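Trainee: sequence-free structure coming up:
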């Protein structure tokens with residue numbers, strides 16, 4: 001489905017711009033008019049991480065006139081495997097500052113707008129309203145739904161991408177011309193069902209594969225060329241090196257963009273909507289959460305505990321808490337882990353941050369281990385507060 005250009009052309013290109021963008025100008029589909037539209041465009045990239053890094057690089061190189069980036073995180077060494085906009089010298093810097101420095105080196109002719117803040121209900125509508133198009137590089141469901149809802153309510157198109165291990169997906173959601181994200185995913189997955197990249201990993205180069213596709217779609221929308229991925233979901237398998245496209249139809253019953261929408265504003269709490277942990281896990285953890293300091297004291301005092309790491313084996317190889325026995329969360333969910341738990345010791349569970357261990361804790365408590373606890377903050381807190389000599393991830 002071809003669509004009209006999203007923006008009008010700028011008045012002119014300078015001599016420097018003509019020289020810089022000459023390879024675009026000689027493409028008949030882009031030409032002078034298309035490049036002027038790119039110059040007149042305002043694009044916001046949500047997240048300066050795995051997807052945002054290549055997207056920002058290529059949007060800047062393409063000549064997007066105003067390029068915004070929003071992120072609240074700082075550059076960590078574990079980011080450098082895939083977040084190619086950052087450098088070793090950027091460690092500890094806010095990601096938006098690091099990204100802006102690199103973007104300005106690539107193209108000093110564009111304007112870079114930095115939003116060094118977390119995107120939330122209080123600022124998303126105001127920030128989005130200043131841009132023509134949103135490129136979503138987020139990695140959590142709460143923010144994805146918020147980005148979608150704000151874009152629909154403001155009538156903005158946005159380019160979406162998702163990555164995990166060797167698999168990637170991309171699409172364009174624009175309620176005016178096709179489905180929105182809620183048409184594809186009406187409800188978020190149950191908490192803990194879909195691992196994040198931090199839990200399951202991602203092939204670094206996959207970020208560039210999907211991020212580049214997102215930029216390609218953005219350019220098509222801005223200039224009005226080709227057929228954007230509106231109403232289509234592109235699925236990429238890096239191991240098999242296959243691409244396939246699946247049709248996504250607008251849901252007439254969608255509460256946000258359907259015929260009779262029932263949601264006419266942002267949700268009050270997207271974290272609650274997506275559920276950081278299930279209700280059962282939250283209830284189990286309510287009075288059964290200890291800190292890493294508590295755990296260290298138990299170990300130092302020689303308390304009779306059975307410490308269980310519910311992460312995956314490859315995570316355990318990177319860093320582990322001394323004395324922990326590895327039993328992945330999946331073994332708790334299918335019940336096979338229960339026979340390995342001693343009846344005469346206090347069960348203490350941990351994971352990377354505390355989400356998976358809370359889910360496992362609910363299973364353990366339901367099996368009769370009433371005094372079981374889990375470690376809030378998990379390995380991340382242990383490395384930060386107890387043993388900073390160990391690597392983080």
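Mentor: Now that the structure is in, tell me what you want to look at. Quantities reported herein were computed from a predicted structural model and do not represent experimental measurements.
Trainee: and the residue of the chain most remote from its centre, helix, strand or coil?
Mentor: Taking Cα atoms, centre = their mean, the residue of the chain most remote from its mean C-alpha position is residue 344, at 41.8 Å. Assigned by DSSP: H, G, I helix; E, B strand; the rest coil, the conformation of residue 344 is coil.
Trainee: what sits against it?
Mentor: Neighbouring residues of residue 344 by Cβ atoms under 8 Å, 6 or more residues apart in numbering: residue 304. The C-beta positions use only the backbone N, C-alpha and C, and glycine is treated the same way.
Trainee: Check it and give its pLDDT.
Mentor: Confidence at residue 344, expressed as pLDDT, is 94.
Trainee: again, but for the one 5 residues further on
Mentor: pLDDT, residue 349: 97.
Trainee: pretty sure it is in a strand, no?
Mentor: Yes. Remark: residue 349 belongs to a strand, assigned using three-state DSSP.
Trainee: So in terms of bridging, what pairs with it?
Mentor: residue 308, residue 374 (DSSP bridges).
Trainee: Kindly provide the distance from it to residue 299.
Mentor: Using Cβ to Cβ, to the nearest Å, residue 349 is found at 15 Å from residue 299.
Trainee: Those two: which is more packed in?
Mentor: Counted by other Cβ atoms under 10 Å, residue 349 and residue 299 do not tie: residue 349 has more neighbours, with 31 against 16.
Trainee: List the contacts of the residue lying closest to residue 290 once chain neighbours are set aside.
Mentor: Using Cβ to Cβ, 6 or more residues apart in numbering and skipping residues adjacent in sequence, the residue nearest residue 290 is residue 373, 5.1 Å away. Contact analysis of residue 373 by Cβ under 8 Å, 6+ apart lists 288, 289, 290, 346, 347, 348, 349, 361.
Trainee: ditto for residue 78
Mentor: If you count contacts by Cβ under 8 Å, 6+ apart, residue 78 has them with 392, 393.
Trainee: same thing but 10 Å
Mentor: Shown in contact with residue 78 (Cβ atoms under 10 Å, 6 or more residues apart in numbering): 198, 318, 391, 392, 393.
Trainee: can you check residue 351 too?
Mentor: Contacts of residue 351 by Cβ under 10 Å, 6+ apart are 192, 199, 308-312, 315, 328-329, 357-360, 374-375, 377-380.
Trainee: Repeat the analysis, applying 6 Å as the threshold.
Mentor: Residues near residue 351 by Cβ atoms under 6 Å, 6 or more residues apart in numbering: 310, 311, 357, 378.
Trainee: out of those residues, which are buried?
Mentor: Neighbour counting by 16 or more other Cβ atoms under 10 Å classes 310, 311, 357, 378 among these as buried.
Trainee: what's the spacing between the first one and residue 297?
Mentor: Spatial separation of residue 310 from residue 297 under the definition Cβ to Cβ is 21 Å.
Trainee: Then residue 226?
Mentor: 62 Å.
Trainee: go on, residue 67?
Mentor: Computed as Cβ to Cβ, the residue 67 to residue 297 distance reads 50 Å.
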